Structure formats: C-alpha cells, structure tokens
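Student: Test case, fold it:
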Amino acid sequence: MSGDVMSRIEQELRREIEPVIDGLGFYLVELRASELKDGFHVVVTVYRPAGVDLDACADIHRTILPRIELWRDARDVHLQVSSPGLDRTLKDHREYAIFAGKRVRVLLISGDEWVNGVLRGGDDESCSIETEDGIRRVAFAEIRKAKLDDFREVR
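Tutor: Residues are numbered from 1 along each chain as shown. Next up, the predicted model:
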C-alpha cells in the first residue's frame with residue numbers, strides 16, 4: 001500500500017479506537033498500521049500521567065483488538081500496545097499537549113545546543129518550555145528534534 005493510503009487508513013483507525021482508549025483513561029500518542037503478508041499490523045503507543053504498566057497494555061489490547069478486527073473485517077490483526085518510553089522522540093504536535101509537565105530536551109534547527117526544561121504545553125504551531133531562564137515559546141518549525149527527558153523527571 002502506498003503511504004497516502006496507509007495514512008488514510010491510520011486516520012480512520014485512529015477515529016475508531018481513540019475514543020475507546022480515551023475512555024480507558026489514556027492518551028493515544030501514536031498509531032502505526034501496515035499491511036504485511038501475514039496480516040494487518042497495528043502498533044499503538046499510549047500514555048497516562050500515572051504511568052503505563054504491562055497490565056494496562058494488556059487491558060487496552062483486549063479492549064481494542066476485537067474492535068480493530070471488526071473494523072478491518074479480519075481476524076489476521078497483529079496488535080502491539082506499548083508505553084512511550086523514558087526518552088521518546090516527540091513526533092507530532094499533539095504530543096506536546098499530552099506530555100505537558102514532563103521534562104524535555106529540544107534541539108533547535110538554528111544550533112547544536114539542546115534546550116532543556118519542563119514542557120508547559122503546545123498548540124498547532126508552537127510549544128512552551130519552562131527553562132531556568134523562564135518560559136520559552138518555540139515554534140515547531142524551529143525544532144530539529146525533541147525528546148522526553150524522564151531521566152531527570154520533575155516530581
């Protein structure tokens with residue numbers, strides 16, 4: 001399948017399962033889907049501030065797998081549910097709102113220096129990071145790379 005078709009399928013699948021995941025008390029951080037020889041593969045990354053453990057991943061798996069099979073009209077669905085990890089690379093502007101309150105490291109296009117601080121939120125165009133020097137607003141167009149920095153998490 002082409003990338004455009006998959007992105008359309010991923011968008012449709014997101015609309016199908018995101019309300020269910022939200023209802024379970026989690027954010028849908030990332031969804032990837034691919035059609036392979038042995039079936040339809042779906043990778044779901046979820047988050048909640050209280051954490052995501054193995055039991056939570058299993059509960060989400062049991063809840064959304066039948067829905068995906070019904071939506072796909074197939075039984076050959078392979079589903080993986082995971083947490084974002086300690087040093088997740090932020091890939092979508094929605095993640096900046098999801099991870100508000102978490103420590104982040106942001107590498108700007110204009111330099112080789114990382115901006116470190118606590119993510120205070122984001123919208124469609126930029127995010128706010130609380131650094132030692134105060135709140136810094138950074139446009140997404142200025143960001144080369146952004147990562148969670150849970151190794152130095154603020155509690």
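
Student: Name the next helix or strand following the helix or strand where G121 lies along the chain.
Tutor: G121 is part of strand 114-122, with elements assigned from DSSP states H and E. Note on strand 114-122: by DSSP H and E, the next helix or strand toward the C-terminus is strand 126-131.

Student: Go through that next one and flag the buried ones.
Tutor: For strand 126-131, a neighbour-count test (16 or more other Cβ atoms under 10 Å) marks 126-130 as buried. Glycine gets a C-beta too; all of them are placed from N, C-alpha and C.

Student: same check, this time on stretch 34-51
Tutor: Quick answer for stretch 34-51 (16+ other Cβ under 10 Å): 40, 42, 44-47.

Student: Next: stretch 131-144.
Tutor: Applying 16+ other Cβ under 10 Å to stretch 131-144 flags 138, 140, 143 as buried.

Student: pLDDT added to these, as TSV?
Tutor: Formatted as TSV, the buried residues of stretch 131-144 follow (pLDDT from 0 to 100):
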residue	pLDDT
V138	93
F140	94
I143	94
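
Student: Output those residues in a markdown table; the columns should cover secondary structure and distance to L13.
Tutor: A markdown table is the format used below for the buried residues of stretch 131-144 (DSSP: H, G, I helix; E, B strand; the rest coil; distance: Cβ to Cβ, whole Å):
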| residue | secondary structure | distance to L13 |
| --- | --- | --- |
| V138 | strand | 31 |
| F140 | helix | 24 |
| I143 | strand | 27 |
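
Student: need the contact list for the spatially most central residue of the chain.
Tutor: Nearest to the mean C-alpha position of the chain, by Cα atoms, centre = their mean, lies V29 at 2.3 Å. Contacts here follow Cβ atoms under 8 Å, 6 or more residues apart in numbering; on that basis V29 touches 45-47, 84, 88, 95, 98.
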